[in-house]
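S.K.: have a look at this prediction, sequence included:
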Amino acid sequence: MNRPPPHVVVARDADRPGWLLAVTTAPAQDVTAEHVREDALHDRVRALEHELAPRWTVRSLRSFYPPLLAAGIRLRRAHDLLLCHAILRDTPALSEPLTPSPLWVRPDQPEDLVAQPGLFDVGPDAGSDLDEVLAQWRAQQDALDRAPDGRLALLCAAESTGALIAEEMTAAGLPWSRAVHEGILEDALGPRPLRGARPARMASLVREIGECLGDAEVNPDSPPRLLRALHRAGVFVESTSKWELSDIDHPVVAPLLEYKRLARLFTANGWSWLDDWVRGGRFRPVYLTGGVVTGRWASSGGGALQIPRQLRPAVHADPGWVFVTADVAQLEPRVLAAMSHDTAMADAARGSDLYEGVVRSGAVASRQEAKYAVLGAMYGATTGESGRLVPRLRTVFPRAMAHVDAAARTGEEGGVVSTLLGRGSPRPDEAWRSAQSRAGDPGAGGADEARARSRARDRGRFTRNFVVQGTAAEWALLWLAEIRHRLMALPPAPVSAPASGPAFDDRPHLALFLHDEVIVHCPADQAGAAAEAVRAAAEAATARLFPGFAIDVPLDLSIRDDAAT
DNA sequence: ACTAAGTGCGCG
DNA sequence: AAAGCGCGCACTTAGT
């Protein structure tokens, strides 16, 4: 039968330069570690990967894996102790969670991990010698053994595979066409301005805005000054945000909104962004796995997860290569239906448009209403159109609604909720708890109580959304891992992509992951196989996360040479 | 001169 | 000041 692979526990040698590698199969087992000289590490890892295909157990893949990738080595399995410590320490799925250890807590600021990986990751620091690493690994294995089922183990494996993928995607990079990007910028903004100057289109809009407001000195980049100028001109808005301005009938609105649009493009993704972030035809963001409390990834550098739709055509495959792009329509409500075993909602989710299914269920009259109602149910809307429609869903989808309502109630009461695989929400912080207890004091005033109620509801909306967003993130993580698994099984292609890293230049690889969307970069003649891998991976992810429950998770999948929508 | 907080907007 | 969640980044202003 399938024996689980051995672990290779990796640590720095505290006594001499180099590394210690301990091959082991059970936490209770005595281990002897092999010393590997610094310059021999890559060869030894390559050999062990070939012979054993072990689960590489390291303090943090964030620092351990990139040098291996640069040397052309890919690891199949891993266990990231830092990421899994965070999961096993906070989970309500264990009656006795992992004892928190300060040595294994990640820094509050994720940037620290990026800026100074050596400080917190594998290195000659506390927590990275063999005894510490082995003790932490054993503690985590014991915690997983105590778990009531295999879900936490699946989560830890998926989280660690995600960390492998994140580093691989940074190494591979996202194929990016400078020429296409510059074309978009010039069409919108005019020629690249001199350093420090506004692009021509923006400058003329500023003049136009000044004329409309009778204020030649107006600076639309300064919200307070712009607000005063608007008030002087009789435009009584409370903020300068575009959602409020767009409701106003005044000649300044059109040029102002246009200016905001262009200013955003220029400052966030203009020529400086290109200079800073695109090298050799690749955009290489740093992905921060576990960077969001719900389990979603965050990113650092270049705003990788906020690339505007407008610039998607600049995401361009290499000559002879194509993209397989895929995204899930309405992932979160589908996940909610499945995790709550709401068969009525799963029926509504049948097919490619869940919102039309909600209309068919009779809960609401139009697709637009269905969308507001479903989003409001997951986000905790109480007022407005959305808040008005949410109660209709309670009669039609009682199980799904009970699930999110219970999560909200737990959060309001200061409790901890968890995703389907067992990632726990953060406990309320000290400020929250003291606000609640102050409201219960005998001398508490009405303002204290109102404030406490408001904070409680804020937290309820957070925990309500946490269970859905977090479980959707787990589906996406499993999808990603299944895609990688299938892509690694495809044969190398004869044609190399010119700009990829050494570990990727000859085979299909993931190039972007964005919550519920992936881009695979692959040789054109492997596009069909890669697309099938992405599709089959989605089915596998659904089957693993929701065994025995029928839920459609349809993909919008295409093969193309750019990422335009 | 530097940092922290607020504003606003892009993405899901 | 989005009705309602989660992020990152650029810019300005207020504070040291």
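M.R.: Thanks, I have it.

S.K.: mind checking how far A:Ala349 is from A:Phe397?
M.R.: As for A:Ala349, its distance to A:Phe397 is 10 Å (criterion: CB to CB, to the nearest Å). No exception for glycine: its C-beta is placed from N, CA and C like everyone else's.

S.K.: overlap in contacts of those two?
M.R.: Residues touching both A:Ala349 and A:Phe397 (CB atoms under 8 Å, 6 or more residues apart in numbering) are A:Ala337.

S.K.: list the helices and strands the helix ranked longest in chain A packs on?
M.R.: When chain A is parsed with DSSP state H, its longest helix is helix A:446-489. Other elements packing on helix A:446-489 under the criterion 3 or more CB pairs under 8 Å, 6 or more residues apart in numbering; DSSP states H and E are helix A:151-172, helix A:331-339, helix A:367-379, helix A:398-412, helix A:430-440, strand A:509-513, strand A:517-523, helix A:527-545.

S.K.: what's the closest of the ones you listed to A:Leu288?
M.R.: Proximity to A:Leu288 (CB to CB) singles out helix A:151-172 among the helices and strands packed on helix A:446-489, at 7.7 Å.

S.K.: the closest one and DNA strand C, are they touching?
M.R.: No: using CB under 7 Å from any atom of the strand, helix A:151-172 stays clear of DNA strand C, with a minimum separation of 13.0 Å.

S.K.: next structured bit after that helix?
M.R.: strand A:174-175 (DSSP states H and E).

S.K.: show the average pLDDT along that following strand.
M.R.: Mean pLDDT, strand A:174-175: 96.

S.K.: next helix or strand past that strand?
M.R.: helix A:178-189.

S.K.: one step back: lowest average confidence across the helices and strands packed on helix A:446-489, which one?
M.R.: Looking at the helices and strands packed on helix A:446-489, the bottom one is helix A:430-440 with a mean of 90.

S.K.: for the stretch 201-350 of chain A, give me the ranges with low pLDDT.
M.R.: For the stretch 201-350 of chain A, no stretch has pLDDT under 70.

S.K.: where in the stretch 451-565 of chain A is pLDDT low?
M.R.: A:494-502.

S.K.: can we see that at 90?
M.R.: A:451, A:491-506, A:565 (pLDDT under 90).

S.K.: return the residues of it in contact with DNA strand C.
M.R.: A:Asp458, A:Arg461, A:Phe462, A:Asn465, A:Phe466, A:Gln469.

S.K.: can you report phi and psi for A:Leu134?
M.R.: Reported as degrees, to the nearest 10, the phi and psi values for A:Leu134 are phi -60, psi -40.

S.K.: got it, and A:Pro426?
M.R.: Torsion angles, degrees, to the nearest 10, at A:Pro426: phi -60, psi 150.

S.K.: contact partners for the residue nearest to it when sequence neighbours are not counted?
M.R.: Residue nearest to A:Pro426 in three dimensions, not counting chain neighbours: A:Val293, with 5.7 Å by CB to CB, 6 or more residues apart in numbering. Contacts for A:Val293 (CB under 8 Å, 6+ apart) come out as A:Ser425, A:Pro426, A:Phe466.

S.K.: what is the burial count for the last one?
M.R.: It refers to A:Phe466. 27 (other CB atoms under 10 Å).

S.K.: pLDDT score assigned to the nearest residue to it once chain neighbours are set aside?
M.R.: Excluding the flanking residues, the one nearest A:Phe466 by CB to CB, 6+ apart is A:Ser425, at 4.7 Å. pLDDT for A:Ser425: 96.

S.K.: can you list the helices and strands packed on helix A:446-489 in TSV and add distance to A:Val9 and mean neighbour count?
M.R.: Formatted as TSV, the helices and strands packed on helix A:446-489 follow (distance: least, CB to CB, whole Å; neighbours: other CB atoms under 10 Å):
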stretch	distance to A:Val9	mean neighbour count
helix A:151-172	14	23
helix A:331-339	34	26
helix A:367-379	41	21
helix A:398-412	37	20
helix A:430-440	36	14
strand A:509-513	27	25
strand A:517-523	31	24
helix A:527-545	27	19
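
S.K.: can you list those in a markdown table and add distance to A:Leu94?
M.R.: Below are the helices and strands packed on helix A:446-489 laid out as a markdown table (distance: least, CB to CB, whole Å):
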| stretch | distance to A:Leu94 |
| --- | --- |
| helix A:151-172 | 7 |
| helix A:331-339 | 19 |
| helix A:367-379 | 27 |
| helix A:398-412 | 17 |
| helix A:430-440 | 23 |
| strand A:509-513 | 29 |
| strand A:517-523 | 32 |
| helix A:527-545 | 20 |
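
S.K.: closest to DNA strand B out of these?
M.R.: Of all the helices and strands packed on helix A:446-489, the one in closest proximity to DNA strand B, counting by CB to the nearest atom of the strand, is strand A:517-523 (5.8 Å).

S.K.: which parts of stretch A:231-251 are buried?
M.R.: Of the residues in stretch A:231-251, A:Ala233, A:Val235, A:Val237, A:Thr240, A:Leu245 count as buried by neighbour count, 16 or more other CB atoms under 10 Å.

S.K.: mind checking which of those land in strands?
M.R.: Of these, none are assigned to strands by DSSP state E.

S.K.: give me the subset of these touching DNA strand B.
M.R.: Okay, of the buried residues of stretch A:231-251 touching DNA strand B (CB under 7 Å from any atom of the strand), that's A:Thr240.

S.K.: can you flag which of the buried residues of stretch A:231-251 belong to helices?
M.R.: A:Leu245.

S.K.: out of the buried residues of stretch A:231-251, who's nearest A:Thr170?
M.R.: The closest of those, once distances to A:Thr170 are taken by CB to CB, is A:Thr240, at 36.7 Å.

S.K.: can you list the domains in chain A?
M.R.: A:7-172, A:179-274, A:287-331+A:473-560, A:334-469 (automatic domain parsing).
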